[in-house]
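Student: Predicted model and sequence below, questions to follow.
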There are 4 protein chains.
Amino acid sequence: MKKTARELQKEQTKALLLKTAYNVFSEKGIMNTRVSDIAQAAGVSHGTIFVHFRSQEAMIEEVVAVYGQKIALRTHTLAQSCGHLSELLRAHLHGIMEFEPFYTRLVIENRLLPTGAKDSIIAIQSAISFHFSQAVQRELKSSQSDGIPSYLLFNMWMGLVHYYLANGDLFAPEGHVIRRYGGTLIQSFMKLLTAKEEK
Amino acid sequence: MKKTARELQKEQTKALLLKTAYNVFSEKGIMNTRVSDIAQAAGVSHGTIFVHFRSQEAMIEEVVAVYGQKIALRTHTLAQSCGHLSELLRAHLHGIMEFEPFYTRLVIENRLLPTGAKDSIIAIQSAISFHFSQAVQRELKSSQSDGIPSYLLFNMWMGLVHYYLANGDLFAPEGHVIRRYGGTLIQSFMKLLTAKEEK
Amino acid sequence: MKKTARELQKEQTKALLLKTAYNVFSEKGIMNTRVSDIAQAAGVSHGTIFVHFRSQEAMIEEVVAVYGQKIALRTHTLAQSCGHLSELLRAHLHGIMEFEPFYTRLVIENRLLPTGAKDSIIAIQSAISFHFSQAVQRELKSSQSDGIPSYLLFNMWMGLVHYYLANGDLFAPEGHVIRRYGGTLIQSFMKLLTAKEEK
Amino acid sequence: MKKTARELQKEQTKALLLKTAYNVFSEKGIMNTRVSDIAQAAGVSHGTIFVHFRSQEAMIEEVVAVYGQKIALRTHTLAQSCGHLSELLRAHLHGIMEFEPFYTRLVIENRLLPTGAKDSIIAIQSAISFHFSQAVQRELKSSQSDGIPSYLLFNMWMGLVHYYLANGDLFAPEGHVIRRYGGTLIQSFMKLLTAKEEK
DNA sequence: CATGAATGAGATTTCATTCAT
DNA sequence: CATGAATGAAATCTCATTCAT
């Protein structure tokens, strides 16, 4: 019973640390954040971090894993109810928007993150990739013949979105790239795809 | 005359350092490279770096500036003789390919580089952007009416290319992303554009 | 309560560092001492210094501030009970003697110390200056008319003492300048002053 | 003959270096000046310094020796024609004034200078010390009985002057301590001495 | 003799990690 | 479990000195 109280406390602290790390990462970047920054922001001591995480690297991996899953799940949920491809794209951007600062950090620092974080990032992409492929196949059936394989269309879309996020400092210095350009991106991307259909 | 001998030596050493830095950066990444890594790779002493560069940051900026200009110029040159948009894209990828490992690092670490390095990166993009816009306007005149503005098409293309480069570890672990996927990228991108024309 | 144990330890370490720095400074000089000298002398690791002081400069300033205040206070205390000027001078030298090696370093390196340290040095001088002026006014009232302003007498006395300290390597290679010459200095200085009175 | 030309050149360069070092030392301080500062100010290359001086330390010692001797000689010359002690003091200050910035550096950095420099500084003091003792003995014959030994009066005078020079940043931030306070110092010092005589 | 490129021994400072309390 | 003092391995940058030209 006593144990449970302790465990509860531990879980609470860990949750706090994960949430705080997420916030600090969103603001300062992941690799630029020191362990002590998170401790301070969470109002706990320096050493507490290492009670809950084996190392800084492990912490980053876990934060990315947890929030990556959150993002993936949310994206999945939003995508579920989408009939049309353009709706899906909107859902996708909507999902990103809810986590934009953090997601942008993942995009920017992607290759510099600890190895374990990569899987989480891939998982996020898979979440939308699945729905994307389905929607494309449903919608652009005819185009499959002459066609651009759907995974390439997906990469194009992802590339476009990430390009805007990664260069957000130029495109939208105030920080809300998706809010500002999301509509345009969807519209243009859809126009490109559907042009094929109209011929 | 005597002076020239001395100056020559200095220029040679600086050139050596720039080239070595370029190589090491290409391999280990830019921000992950320590000053002493470059010194060691160049076979000079630690302090020599600081004879030629005011600081590590200044060195990074200069390396990026020098090779950025090289890339921009090469791109520009290759693009000059391109009539067709697809030729231009081929020229673009060709230009990148010659510097692929380094260029990939620029893409990956973009936002984490010293301020001065950003301008160089932008300059590279401008080199291809100009030719791209012209080719699009020449080729897809009709599409301008309904159309997707050419800068958005450009961003789409850049996004696509950068997406492949940034995820090169997944797409082509051996390291030659462009060689492996370049053709496909051009083909698909062109198909998307020209579909509109065919209608 | 638990906290106190921790805080106590920290305070102890800091006190140890301050005392050690004071000792090392006294022996090697202030600006000639490296951070690691103090760490080694204190038997702590290099990095510990920076747990307790923001920077080397801050450390120097704090050591000078703490011991400067000690010196000033001690001087003040000793001076309080002095009726006669000669007693005051004796008290002054007595105060200096207790801190002679360190005080000598302050005199020697005065102008080369961090800005913040200067105030501390001035504060020490003020401690004696006040009592000095009072004693002079009390004792040499008549001389004020023809007179040498008391601040000049003070500067003369300080100059004399500092001259002996600064050239201690010549006057007293064994290191105890005041012990050896203090009496003479007071005697002579008093003789000069009182001669005026006797006329 | 050819050799002579070379030697001439060498001597000229060395003279230039000595003079330049003197100037730079006067302005920046002695121990704060880097070898390259002097080279730059002299318009010669970095390495030239080491053609003429075995090491930085040797250079400092030589500069101090040369200009120390100049100061001593000048002081001696000025002192020669002085009948009265007050004239001597005036001559002393006059001599210092001609070299004030450099002399002040000697006073401030005295104990931090290379060992060899100390002798030069002592020599300067001897130059005035000799004349001082003589004047005192001539003038204050009677006082010798009850008396303050003349070397102590000398130290008092030197202490007073050095105290003003060393604290020049407080007394005369514009830099001309002697010009501003010299008269007062002489007057007061003389008053103290002569008071004894008048009794 | 003069040059100045190259050297490399330090010195300060940061920060992830450990561990006694 | 939480704490935070202590650790020490880096990493950057400075500058006196050397030496080939």
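Tutor: Alright, I've got the coordinates.
Student: make it CA atoms for all contacts and neighbour counts henceforth
Tutor: OK.
Student: And the pLDDT at the residue of chain A found nearest DNA strand F?
Tutor: Residue nearest to DNA strand F within chain A (CA to the nearest atom of the strand): A:G47, separated by 3.3 Å. Note for A:G47: predicted pLDDT of 95.
Student: what about it, neighbour count?
Tutor: 11 (other CA atoms under 10 Å in any protein chain shown).
Student: swap in the one 3 residues further on?
Tutor: Residue neighbour count, defined by other CA under 10 Å, stands at 14 for A:F50.
Student: again, but for A:H52
Tutor: So A:H52, with other CA under 10 Å, has 17 neighbours.
Student: ok, now A:E57?
Tutor: A:E57: 16 surrounding residues under other CA under 10 Å.
Student: try A:A123
Tutor: Neighbour tally, A:A123, other CA under 10 Å: 17.
Student: Could I have the CA atoms of the strand or helix carrying A:L152 written out in CSV?
Tutor: A:L152 belongs to helix A:150-166 when elements are defined using DSSP states H and E. The C-alpha coordinates for helix A:150-166 follow below in CSV (Å, rounded to 0.1, in the frame of the first residue of the first chain):
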residue,chain,number,x,y,z
SER,A,150,0.9,7.0,-54.2
TYR,A,151,3.9,6.8,-51.9
LEU,A,152,5.6,9.4,-54.1
LEU,A,153,2.6,11.7,-53.8
PHE,A,154,2.8,11.2,-50.1
ASN,A,155,6.4,12.1,-50.0
MET,A,156,5.6,15.2,-52.1
TRP,A,157,3.0,16.3,-49.7
MET,A,158,5.2,15.6,-46.7
GLY,A,159,8.1,17.3,-48.3
LEU,A,160,6.0,20.4,-49.0
VAL,A,161,4.7,20.6,-45.4
HIS,A,162,8.0,20.0,-43.9
TYR,A,163,9.7,22.5,-46.1
TYR,A,164,7.3,25.1,-44.9
LEU,A,165,7.8,24.1,-41.3
ALA,A,166,11.6,23.8,-41.5
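Student: Now do whichever helix or strand comes after that helix: everything it contacts.
Tutor: Following helix A:150-166 in sequence order, the next helix or strand is helix A:168-171 (DSSP H and E). Applying CA atoms under 8 Å, 6 or more residues apart in numbering or on different chains, the contact partners of helix A:168-171 are A:Y164, A:G175, A:H176, A:V177.
Student: is it possible to export these to TSV including neighbour count, pLDDT and distance to chain D?
Tutor: Formatted as TSV, the contacts of helix A:168-171 follow (neighbours: other CA atoms under 10 Å in any protein chain shown; pLDDT from 0 to 100; distance: CA to the nearest CA, whole Å):
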residue	neighbour count	pLDDT	distance to chain D
A:Y164	23	98	50
A:G175	16	87	48
A:H176	17	94	51
A:V177	23	96	51
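Student: what packs against the helix holding A:L152?
Tutor: Other elements packing on helix A:150-166 under the criterion 3 or more CA pairs under 8 Å, 6 or more residues apart in numbering or on different chains; DSSP states H and E are helix A:100-109, helix A:115-139, helix A:177-198, helix B:150-166.
Student: 6 Å instead?
Tutor: Applying 3 or more CA pairs under 6 Å, 6 or more residues apart in numbering or on different chains; DSSP states H and E, one finds that helix A:150-166 makes contact with helix B:150-166.
Student: in the helix it packs on, what's buried?
Tutor: B:150, B:152-166 (16 or more other CA atoms under 10 Å in any protein chain shown).
Student: Can you name the two of those residues that sit furthest apart?
Tutor: Greatest spatial distance in those: B:S150 and B:A166, 23.6 Å, computed using CA to CA.
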